[in-house]
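A.B. asks: Provided below are the primary sequence and the corresponding predicted coordinates.
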Amino acid sequence: MTAEEITQANVLLRDRSPLEIVRWAIEQANGRAIVSTNFRPYEAVVLHLATQVQPDIPVLWVDHGYNKPATYRHAEEVKNLLKLNIQAFVPRVTTAHYDAIYGGAPEPTPENEERIKAFSTTMKLEPFQRGMRELAPTIWITGLREVQNPNRAGLDIVSADGNFGSLKISPVFRWTDRDMHAYCQEHSLPNEWDYFDPAKADEKRECGLHAAWGGAAVKV
């Protein structure tokens with residue numbers, strides 16, 4: 001899509017429901033839509049929406065090995081509940097190897113910024129890039145929301161993805177935590193609050209998937 005077409009699509013979808021946005025997205029995909037997840041809080045919402053429209057839609061998940069036990073149990077629960085077509089990609093480096101050579105996931109402090117980016121590049125961005133190349137989607141459905149951090153507030157429902165060469169669709173982009181909670185309640189979806197992403201370190205940072213530095217890092 002051109003920049004003008006993306007602007008027109010966002011105008012078209014502005015008042016549509018998330019389910020209607022997913023239907024529109026999959027119509028554009030020519031059979032090549034995916035949805036990504038990390039099983040963070042409220043991820044069951046976008047996975048439920050996507051599988052309502054395309055039950056066998058590939059679900060791209062990078063299992064970097066540093067998730068908490070609660071997150072792995074949540075992933076299994078959601079996978080079984082929604083019968084997800086999980087496409088899991090793992091880093092080329094094991095957690096034991098990373099711990100031994102690099103000292104494990106860095107502490108979330110400002111002075112560790114470069115170490116956090118290096119961790120993300122090896123343990124998250126590279127396997128995600130491999131997944132995107134293998135699945136080759138034209139449409140990438142995400143759970144991005146504008147309330148999550150200042151960087152995401154500058155995006156929109158439809159946005160060009162410069163890192164992985166796909167069109168990114170965020171059907172719950174306008175939803176608040178209250179909206180997400182209500183959807184979980186309405187559809188009896190589980191949630192997970194023990195989630196921690198060492199590639200982001202805190203909720204105001206980006207792991208690189210949706211930031212320009214991430215695309216540059218995996219092209220090196």
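C.D. replies: Cool, got the structure.

A.B. asks: what about the host helix or strand of residue 21, distance to the chain center?
C.D. replies: In this assignment (DSSP states H and E), residue 21 forms part of helix 18-28. Helix 18-28 sits 17 Å away from the centroid of its parent chain (C-alpha atoms, centre = their mean, to the nearest Å).

A.B. asks: got the contact list for it?
C.D. replies: 12-13, 16, 33, 45-46, 49-50, 52-54, 57, 138-139, 141, 157, 167, 169, 171-172, 175 (C-beta atoms under 8 Å, 6 or more residues apart in numbering). C-beta here means a position set from N, CA and C on the backbone, and glycine is covered the same way.

A.B. asks: and the strands in this structure, which stretches?
C.D. replies: 33-37, 58-62, 85-89, 139-141, 158-161, 166-169 (DSSP state E).

A.B. asks: using CSV, lay out these together with mean pLDDT, mean neighbour count and distance to residue 98.
C.D. replies: CSV is the format used below for the strands of the chain (pLDDT from 0 to 100; neighbours: other C-beta atoms under 10 Å; distance: least, C-beta to C-beta, whole Å):
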stretch, mean pLDDT, mean neighbour count, distance to residue 98
strand 33-37, 97, 25, 22
strand 58-62, 97, 22, 14
strand 85-89, 97, 15, 16
strand 139-141, 97, 26, 27
strand 158-161, 91, 20, 27
strand 166-169, 94, 24, 28
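
A.B. asks: out of the ones you listed, nearest to residue 110?
C.D. replies: With C-beta to C-beta as the measure, strand 58-62 is the member of these nearest residue 110 (25.1 Å).

A.B. asks: how about the closest residue to residue 130 other than its chain neighbours, what does it touch?
C.D. replies: Leaving aside its sequence neighbours, residue 130 sits nearest to residue 89 (C-beta to C-beta, 6 or more residues apart in numbering; 5.6 Å). Residue 89 makes contact with 60-63, 127-128, 130-131, 134 under the criterion C-beta under 8 Å, 6+ apart.
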